[in-house]
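Trainee: Give me the fold of what follows.
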Amino acid sequence: MRFSAVIVAAGSGSRAGPGQAKQWRLLGGRPVLSWSAEALAAAGADPLVVVAPPGDEDKARARLRHLPGLKVCAGGATRAESVRNGLQALAADPPEAVLVHDAARPLVTRGHVETLLQALEGADGAVPALPVADTVKRADASGALRTTPREGLLRIQTPQAFRYGVLVDAYARWTGREAPTDDAAAVEAAGGRVVAAPGDPALMKLTYPEDFAMAEALAVQARVTRIGQGFDAHRFGPGDSVWLCGLNIPHDQGLVGHSDADVGLHALTDALLGAVGRADIGEHFPPSDPRWRGAASDQFVRHAVELVREAGGRIVNADLTLICEAPKIRPHREAMRARVAELLELPLDRVSVKATTTEGMGFTGRREGLAAQAVVAVETPA
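Mentor: Have a look, this model is predicted:
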């Protein structure tokens, strides 16, 4: 079924300790919010609504601008108000189902989404649930403890899945003096049928400072590193400059190619595509297509970066080697690194551009052309 998702990320997260709100704190090198947003987008949420703290809407848009169909709206004074705002953002084109998720549970996966949607087939709502394994006690006004039977008790997580119309109606009918603690409570109060789906301990909620240390350990297990490599070569021809790694370098010859013949960016594009199993540059930008005649190769890299992100991936680093006798690369190397880092949206220290010769051997040694090879590391969901 077609589903959308609402990520509630409007809280201040004061219990998580001093500093910036927890949705912006880094987990595995990425903001906490990015984990959920990228995972739900990769799972097929369309559109994806992020409910940000009032005043942080542009910050959320800038950080998640690569996600297709992104909508951002401001949150309210309570979680329930924030959820209502997110649901309203979907009203113009209501989906059949909606997942509501707390950004503070960053390790959501496609598998969680599929399990919830399957459980929703015969219900108004479905929530991930874990049995209570510990003994449960209740303290009375004096501080004395009394054991509470734990049979039938469940710990409820997010995301929670609902029929969109059912959830909107449930919130409209809510008359409780206090706001519902989760969305299922509103549907239950309206008479809807909510069922349990298998929960996952990895869907832990980041509430206290110590939770981040545990989440860091889980984040490593939730990701796999893929390596992609690319190679390209072009021969010299008439001209007075060559394009290399996004820079126009003066030279006594040009490079022959259907596009701008930037071997560095072509190799980089193939490496990115290879890391996520998306064929090669010729598949996406065939030389037979006149649209790419003389085209700037930076658009090829940007396209590959978008495909990495669609796969829920994160580029870790890139290493390029240019193979030629001339032109000299050293005077331009730092500018090349900066341009590649900009295209990949990486810190400069995660990009390397090197040069080597073949000691007079082969077509590069005979100064007949240029070659480049690239290697990238990409982290994707396991």
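Trainee: helix, strand or coil for the residue lying farthest from the centre of the chain?
Mentor: Computed with C-alpha atoms, centre = their mean, the residue of the chain farthest from its C-alpha average is Ser142, at 48.6 Å. Using DSSP: H, G, I helix; E, B strand; the rest coil, the structure places Ser142 in coil.
Trainee: ok, now which ones touch it?
Mentor: Not one residue lies near Ser142 by C-beta atoms under 8 Å, 6 or more residues apart in numbering. C-beta: built from backbone N, CA, C; applies to glycine.
Trainee: Could you check how many residues crowd around Asp160?
Mentor: Not quite, residue 160 is Gln, not Asp. As a burial measure, Gln160 scores 24 neighbours (other C-beta atoms under 10 Å).
Trainee: returning to what we had before: roughly how far does the residue farthest from the centre of the chain sit from Gly282?
Mentor: Relative to Gly282, Ser142 is positioned 76 Å away (C-beta to C-beta, to the nearest Å).
Trainee: Mind listing the strands the longest strand seen in the chain pairs with, and their directions?
Mentor: Assignment by DSSP state E gives strand 223-237 as the longest strand of the chain. Here strand 223-237 is paired, per DSSP bridges, with strand 254-255 (antiparallel), strand 369-381 (antiparallel).
Trainee: In JSON lines, list those strands along with mean neighbour count and distance to Val51.
Mentor: What follows is those, written out as JSON lines (neighbours: other C-beta atoms under 10 Å; distance: least, C-beta to C-beta, whole Å):
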{"stretch": "strand 254-255", "mean neighbour count": "19", "distance to Val51": "49"}
{"stretch": "strand 369-381", "mean neighbour count": "22", "distance to Val51": "23"}
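Trainee: of those, which approaches Gln20 most closely?
Mentor: Distance to Gln20, taken as C-beta to C-beta, is lowest for strand 369-381 among these, at 22.9 Å.
Trainee: In PDB, list the C-alpha atoms belonging to the closest one.
Mentor: The C-alpha coordinates for strand 369-381 follow below in PDB (Å, rounded to 0.1, in the frame of the first residue of the first chain):
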ATOM      1  CA  GLY A 369      46.100  10.500 -23.200                       C
ATOM      2  CA  LEU A 370      45.000  10.600 -19.600                       C
ATOM      3  CA  ALA A 371      43.600   7.900 -17.200                       C
ATOM      4  CA  ALA A 372      42.200   8.000 -13.700                       C
ATOM      5  CA  GLN A 373      41.100   5.500 -11.100                       C
ATOM      6  CA  ALA A 374      38.900   6.100  -8.100                       C
ATOM      7  CA  VAL A 375      37.900   4.200  -5.000                       C
ATOM      8  CA  VAL A 376      35.100   5.200  -2.600                       C
ATOM      9  CA  ALA A 377      33.700   3.800   0.600                       C
ATOM     10  CA  VAL A 378      30.000   4.000   1.200                       C
ATOM     11  CA  GLU A 379      28.000   3.000   4.300                       C
ATOM     12  CA  THR A 380      24.600   1.500   3.700                       C
ATOM     13  CA  PRO A 381      21.900  -0.200   5.900                       C
END
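Trainee: and Gly274, what does it touch?
Mentor: By C-beta under 8 Å, 6+ apart, the contact list for Gly274 reads 228-230, 280.
Trainee: please redo it, this time with the cut-off set to 10 Å
Mentor: Shown in contact with Gly274 (C-beta atoms under 10 Å, 6 or more residues apart in numbering): 226-230, 280, 304, 374-376, 378.
Trainee: State the helix or strand in which it lies.
Mentor: helix 263-275 (DSSP states H and E).
Trainee: Wasn't Gly55 part of a helix?
Mentor: No - under three-state DSSP, Gly55 sits outside any helix and is assigned coil.
Trainee: Let me see the contact set for it.
Mentor: Listed by C-beta under 10 Å, 6+ apart, the contact set of Gly55 reads Ala74.
Trainee: hmm, back to that, check which residues of the longest strand of the chain are buried.
Mentor: Neighbour counts over strand 223-237 (16 or more other C-beta atoms under 10 Å) mark 223, 226, 228, 230, 232-234, 236 as buried.
Trainee: just stretch 85-97 next, same as before
Mentor: 85-87, 89-90, 95, 97.
Trainee: could you give the mean pLDDT of that stretch?
Mentor: Average pLDDT, stretch 85-97: 96.
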